[in-house]
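In: Sequence and predicted structure are below.
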Amino acid sequence: MKRVIATLGLALASVPLGGCVSDGYGYGEMEWESYPYSAWYNGYYGSIYDGYWGSDNYFYFRLDKNDRHFRRGDHDHFRRGDNRPDGRFHRFDGVMKPPPRGTRMPNFPKRERRTAPR
């Protein structure tokens, strides 16, 4: 009987924690927030599905919607700015789509938390 009560107690203790689970990217229990991107790209990696500018100033991209790993692009192939770097580059704009659960997103820019003024 004690074993049943202990098991039930452990199971019930974990229920409130399940509602707080989030992967930190506005995904999971929270709503997905879109991330627009704008870059100059020279086509080196081929066709790209979407991406984001990381907090380390590199562009991370996926090759298709089922890709669960964002790859880091080299500065020689992705550039920022309003002016075209040279004739090899073309504009690459869009909005990052929600990635599949468990996707590895290195250096993803975290959303700043805003607090109400006191």
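Out: That came through fine. Numbering: from 1, shown residues only.

In: Let's test this: mean pLDDT of stretch 100-116, rounded?
Out: Stretch 100-116 comes out with an average pLDDT of 76.

In: What's the separation between Asp82 and Gly73?
Out: Distance, Asp82 to Gly73, by Cβ to Cβ, to the nearest Å: 19 Å. All C-beta spots, glycine's among them, are computed from the backbone N, C-alpha and C.

In: Looking at these two, which is more packed in?
Out: Gly73 (20 against 6; other Cβ atoms under 10 Å).

In: got the contact list for that one?
Out: 41, 45, 51, 58-61 (Cβ atoms under 8 Å, 6 or more residues apart in numbering).

In: let's see it at 6 Å
Out: 59, 61 (Cβ atoms under 6 Å, 6 or more residues apart in numbering).

In: likewise Pro36?
Out: Here Pro36 is in contact with Val95 (Cβ under 6 Å, 6+ apart).

In: Make sure Ser34 is actually in contact with Val95.
Out: Yes. Using Cβ atoms under 6 Å, Ser34 is in contact with Val95, at 4.8 Å.

In: any idea where the strands of the chain begin and end?
Out: Along the chain, the stretches classed as strands by DSSP state E are 35-41, 50-53, 59-62, 71-72, 78-79, 90-96.

In: remind me which residues of the chain are low pLDDT?
Out: 1-32, 111-118 (pLDDT under 70).

In: residue boundaries of the helices in it?
Out: Using DSSP state H, the helices of the chain run over 2-18.

In: Would you tell me which one of the strands of the chain is buried the most?
Out: strand 59-62 (a mean of 23; mean count of other Cβ atoms under 10 Å).
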